[in-house]
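S.K.: Just need the structure, nothing else, for what follows:
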Amino acid sequence: SGTGVVTGVTAGTSVMTYTVTDGNGCMSSAMATVTVNQFVAPATVFTESMGSVGSTTLITAHESANGFDNDGFTMSGSGDVRNTTSSSGYTGASGAANVFLTSGGTRTFEIAGINTSGFSNLVLSFGVYKNDAATTGSDLSVEVSSNGTTYMPLSVPALGSSIAWYYRTATGAIPSTANL
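M.R.: This is a model prediction of the structure:
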């Protein structure tokens, strides 16, 4: 077009020829090979609010009662689900139940059956409550596995100095697989 805007080009490699004509009818052309990458909008693979409970409930009991949002996944672990300190203070906080894990790594929570096939540059974001001002959250271990046997650690940014809920994004290699 007269503005130099190119439209109608799809993803791939194209040879573009740009021709200009001055007021006297003189023309000049230039060619360039241009690669147009397909735009892939960030997508959410899934979200989980942890549902709600009337009292402290074992993860296995909450799972058996279909208390989690994602009934197609398998939730397990030795932690429990409770409403004692409902999530708040960050965008996306459910304000409902949460999984309680003690410090020191003695309790676990696992979500299995997540299909991440076809996705790349995956991240894992979640809310975490800090109940001890002296800790940084460094004792929280977040890991991923594509086979349920070998786990790879993700890095979780340190928590702030206040007792509060924090929204964190774990970074590292999250595999694209049919069963994360």
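S.K.: how about the strands in this protein?
M.R.: Taking DSSP state E as the criterion, the chain carries its strands at 12-21, 27-36, 57-58, 74-76, 80-82, 98-100, 110-112, 124-130, 142-144, 152-154, 164-170.
S.K.: which neighbours does the first one have in its sheet, and in what orientation?
M.R.: Pointing back at strand 12-21 there. Here strand 12-21 is paired, per DSSP bridges, with strand 27-36 (antiparallel).
S.K.: coming back round to it: Serialize the strands of the chain to CSV and add fields for distance to residue 136 and mean neighbour count.
M.R.: All C-beta atoms are positioned from the backbone trio N, CA, C, and that covers glycine. Converted to CSV, the strands of the chain look like this (distance: least, Cβ to Cβ, whole Å; neighbours: other Cβ atoms under 10 Å):
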stretch, distance to residue 136, mean neighbour count
strand 12-21, 47, 10
strand 27-36, 44, 10
strand 57-58, 29, 16
strand 74-76, 27, 17
strand 80-82, 23, 22
strand 98-100, 19, 20
strand 110-112, 24, 15
strand 124-130, 9, 17
strand 142-144, 14, 16
strand 152-154, 16, 14
strand 164-170, 11, 16
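S.K.: right, and those strands - which one's nearest residue 176?
M.R.: strand 142-144 (11.2 Å; Cβ to Cβ).
S.K.: quick one: average confidence on the closest one?
M.R.: For strand 142-144, mean pLDDT is 96.
S.K.: And the helices in this structure?
M.R.: Using DSSP state H, the helices of the chain run over 59-64.
S.K.: how close does the nearest residue to residue 133 once chain neighbours are set aside get to residue 131?
M.R.: Leaving out its chain neighbours, the residue that sits closest to residue 133 by Cβ to Cβ, 6 or more residues apart in numbering is residue 163, at 5.5 Å. Distance of residue 163 to residue 131, given as Cβ to Cβ, to the nearest Å: 6 Å.
S.K.: In terms of neighbours, single out the busier of those two.
M.R.: Neighbours were counted for residue 163 and for residue 131 using other Cβ atoms under 10 Å; residue 163 has more, 13 against 9.
S.K.: distance between the ends of stretch 54-65?
M.R.: From its first residue to its last, stretch 54-65 covers 13 Å (Cα to Cα, to the nearest Å).
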